[in-house]
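S.K.: could you look at this predicted model? Sequence included:
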Amino acid sequence: MRTGLLTMFGLAWLVAGGTCLPLYEKKHQAIPGEVLGISVGASSLGDTIPEGTPVDVTWSAANLTDELAVVTIVLESRTDLSRTNLAEGVTFEGTGSGARHVTWYTDGFGGPYAIIAYIETATLVRRDRSRGLVTIDARPKFEFIEPAGEVVARPSPDQPLTIAWVARDEGATASIGLDPDTNHESGNEIFLLEDWELPTTLGEDSFDWDGTDANGAQVPAGIYNLFARITDNVNDVVTVAGLGPITVAE
C-alpha cells in the first residue's frame, strides 16, 4: 500500500512540473497503512511580492480509498489568522491521483500568508501546509480630504492653507506637490513636502501650507494641481490627485 501511494505522489509530482516546485518532503510521504494524502506549494514561497501579482498554487493528491475525496485550498493570513478559500469542492472519485494548479490573484490581500490544503472523504481527513509563506505588499492607501474642491488663496504664515489626507502603508514614503499640468513626472512639479513615512495604520494627517515650497522658496502665482506621490520598495509608484485645483493668487 505504501509503495502504491508513494508512486502516486511521484507521478503527481512529475505532472506538476518535475523539479519546478518541491511539493512535498520526505517527512510528508505516506506512512504504512495511509490511503489518502495531499501536498501543496506555490511559485512565490518565501517572496515578498506586489499586491495584484498572480501566484501559481500547485497541489498534488492521492486517494487509494474507494470513497469520493474532496480537496479544499485555504489561504491563511499570518497577521490575523483569517482564512480565504482559494479552491473548494474539487473532487477525486475512487482510486486515483493527480496534480493541479490554481491561480491566486492577490488583489485585496496584504501581509504574509500560509497555504493549507485539505483532502477529505466521508471517513478520513488529511492536510498539508506550505513550507514557507507568501508575503503580499499591499498597495499604499492615500486620499486627499482638504481642500475639498477648487480653492483660491494666497497662503502665508499668518493665513496658511490646510492640506489634509488619510493614508496608510508599511515602509512607504510620500511627497506632496503642486503641478501646473497633470503629468506629474514631467519635471516641473513644485514639492511642498518630501519623503516622509506613511503610518502603518490608516489615519488622518495634515499640514498648514504657508505658501513656500520644501526648500523655503515662495511658490509663484498660478493655477496648480495638487498631487501626492507614494513610493515603496515593492509596488509601482502611486500618484494621487487632489480634489480640485489650487489657484495661488497674486
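M.R.: Looks like it arrived, so ask away.
S.K.: name the residue closest to the centre of the protein, please.
M.R.: With the centre of the chain defined as its mean C-alpha position, the nearest residue by Cα atoms, centre = their mean is residue 51, 3.0 Å away.
S.K.: distance check, that residue against residue 239.
M.R.: According to Cβ to Cβ, to the nearest Å, residue 51 stands 16 Å off from residue 239. Heads up, the C-betas are built off the backbone N, CA and C, glycines and all.
S.K.: check the gap between the residue lying closest to residue 169 once chain neighbours are set aside and residue 146 for me.
M.R.: Ranked by Cβ to Cβ, 6 or more residues apart in numbering and with sequence neighbours excluded, the top spatial neighbour of residue 169 is residue 140, at 3.8 Å. Spatial separation of residue 140 from residue 146 under the definition Cβ to Cβ is 19 Å.
S.K.: what's the answer for residue 194, then?
M.R.: In this structure, residue 194 and residue 146 are 20 Å apart, going by Cβ to Cβ.
S.K.: next, count neighbours for residue 34.
M.R.: 16 (other Cβ atoms under 10 Å).
S.K.: that one belongs to a helix?
M.R.: No: the secondary structure assignment for residue 34 gives coil rather than a helix, going by DSSP: H, G, I helix; E, B strand; the rest coil.
S.K.: retrieve the pLDDT associated with it.
M.R.: In the prediction, the pLDDT value recorded for residue 34 is 74.
S.K.: one more: residue 245?
M.R.: 96.
S.K.: going forward, the N-terminal residue is numbered 516.
M.R.: Fine by me, first position is 516 from now on; the one you just mentioned is residue 760.
S.K.: which ones are touching it?
M.R.: 665, 666, 738, 739, 740, 741 (Cβ atoms under 8 Å, 6 or more residues apart in numbering).
S.K.: any regions of the chain where pLDDT drops low?
M.R.: Counting by pLDDT under 70, the chain contains low-confidence residues at 516-548, 608-613.
S.K.: please redo it, this time with the cut-off set to 90
M.R.: Using pLDDT under 90 as the threshold, the predicted model of the chain has low-confidence ranges 516-550, 575-582, 606-616, 653-654, 684-687, 711, 715-716, 747-752, 765.
S.K.: quick one: the helices in this structure?
M.R.: Here the chain has its helices, by DSSP state H, at 517-530.
S.K.: pull the most distant pair out of the contacts of residue 760.
M.R.: Using Cβ to Cβ, the pair of the contacts of residue 760 lying farthest apart is 666 and 740, separated by 12.1 Å.
S.K.: hang on, the earlier thing: which among the contacts of residue 760 end up buried?
M.R.: 666, 739, 740, 741 (16 or more other Cβ atoms under 10 Å).
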